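Enquirer: Predicted structure and sequence below. I'll ask about it afterward.
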Amino acid sequence: MKNWKKIISECIRMMMLLIAVSIMSFVLIVKAPIDPLVSYIGTNSTISEEARQEIADEWGLNDPLPERFITWGEHALKGDLGMSITYKKPVSEVIKTRFSYSIVLMALSWILSGVIGFILGVICGIKEGSLFDRATKVFCLGVKSAPVFWIGLLVLSVFAVQLGWFPIGMAVPAGTLASEVSIWSRIHHLILPVLTLTIVSISEVVLYTRRKVIETMNSNFILYAKVRGENQKQIIKRHVLKNVLLPAVTVQFSSFSELFGGMALAETVFAYPGIGTAITAAATNADVPLLLGISVFSALFVFAGNVIANILYGVFNPVIREGDNRE
């Protein structure tokens, strides 16, 4: 029962945050120096002022800001996010198509960074102060401070330009129909973006897991386990992994915002046709409906990751469960 209350509470909190983000995004984009009419008809259009005024009235651009937001919100709840000026398609269709590419990129990077990062973090924590530990920590701190696009360009120049092992960009070969593209070709185009996003995302889970392992290894119950005669392998299996795994998973779920931001930049570097390139195109072309739609969708995606992390931690952490039961 307590778990269901926590889940409902987290969902309500997510909805409130989503409404707040929607309002802020709408106000900021509407107040930005962007003219939707100019974006729609073009700067060199010879359309009359009367026609401009008719379009503005039809779109509700002359209505008060609260009324415009309510109108937009009503349509958004029905799944109508407007028409994209850039792609000449409904915004919901653009997001659906683009996200189908992005979700594969993010899922693979998220899994790889989580698994590899956890393993590296455990090894570094156990071998604290070793050459491997110091080298891994320096690498993670360097990656953490480096811009995503710089890492992407470095990976691109080494593996695609100099070595020629992988294609320079895009999701499929240029000029090829989607029906003619093989699975291997899609995987081949996906490797470098996944590698870049994995490198960018791995440092947080490595450093966090390393710190938790060191704390666990220095705790009293590990000393007691050694006194009882348990060897290092038994200690790691019975105590360290059990105490470190859940916090590491929680950190990985809460890193959705960083993953989403890194994905947008990585896609731009590799010209990968996902949400990231759609954001860039929308910003370049002053595509207000698409900017708003992606802003709300990305907020929903990030909040969902944080909610899942909080629910998992509350459900599986016995300390939190006992605290809730006492209340």
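Expert: Yep, it's here. Note that the coordinates shown come from a computational prediction; the quantities given were computed from them, not determined experimentally.
Enquirer: When you work out contacts or count neighbours from here on, use the C-alpha atoms and nothing else.
Expert: Noted.
Enquirer: where's Y87 relative to D287, distance?
Expert: For Y87, the distance to D287 (C-alpha to C-alpha, to the nearest Å) stands at 9 Å.
Enquirer: Give me the more crowded residue out of those two.
Expert: Neighbours were counted for Y87 and for D287 using other C-alpha atoms under 10 Å; D287 has more, 24 against 15.
Enquirer: Go ahead and confirm the more buried one touches V38.
Expert: No - applying C-alpha atoms under 8 Å, one finds D287 not in contact with V38, separated by 10.4 Å.
Enquirer: Okay, buried residues for stretch 208-222 please.
Expert: Y208, T209, R210, R211, K212, V213, I214, T216, M217, I222 (16 or more other C-alpha atoms under 10 Å).
Enquirer: Pull up the per-residue confidence for I311.
Expert: We have a pLDDT of 72 for I311.
Enquirer: which non-adjacent residue is nearest it?
Expert: I7 (6.3 Å; C-alpha to C-alpha, 6 or more residues apart in numbering).
Enquirer: Go ahead and confirm the one you found touches N306.
Expert: No - using C-alpha under 8 Å, I7 makes no contact with N306, being 11.9 Å away.
Enquirer: how about the helices in the stretch 201-327 of the chain?
Expert: 220-227, 232-235, 241-254, 256-270, 275-284, 288-316, 318-326 (DSSP state H, counting those that start in this stretch).
Enquirer: For P90, grab phi and psi.
Expert: Dihedral angles of P90 (phi, psi; degrees, to the nearest 10) stand at phi -60, psi 140.
Enquirer: what's near enough to touch it?
Expert: Contacts for P90 were tallied using C-alpha atoms under 8 Å, 6 or more residues apart in numbering; they are D80, L81, G82, M83, S84.
Enquirer: which one of the residues you listed sits closest to V251?
Expert: Nearest to V251, judged by C-alpha to C-alpha, of these is L81 at 32.2 Å.
Enquirer: ok, the closest residue to that closest one other than its chain neighbours - how many residues close by?
Expert: Residue nearest to L81 in three dimensions, not counting chain neighbours: V91, with 5.6 Å by C-alpha to C-alpha, 6+ apart. For V91, the count of nearby residues is 24 (other C-alpha under 10 Å).
Enquirer: Tell me which helix or strand the closest residue to F69 other than its chain neighbours sits in.
Expert: The shortest distance from F69 to any non-neighbouring residue, by C-alpha to C-alpha, 6+ apart, is to F26 (7.1 Å). F26 is part of helix 2-31 when elements are defined by DSSP states H and E.
Enquirer: So which helix or strand of the protein has the lowest pLDDT on average?
Expert: Among the helices and strands of the chain, helix 318-326 carries the lowest confidence by mean pLDDT, DSSP states H and E, at a mean of 46.
Enquirer: Quick one, grab the pLDDT at L112.
Expert: So, for L112, pLDDT stands at 92.
Enquirer: neighbours around it, how many?
Expert: Other residues close to L112 by other C-alpha under 10 Å number 19.
Enquirer: Surely L108 is in contact with V194?
Expert: Yes - using C-alpha under 8 Å, L108 is in contact with V194, at 6.7 Å.
Enquirer: Give me the more crowded residue out of these two.
Expert: V194 (24 against 17).
Enquirer: still on that earlier bit, in the helix holding F26, what counts as buried?
Expert: K6, I7, E10, C11, M14, L18, V21, S22, I23, S25, F26, V30.
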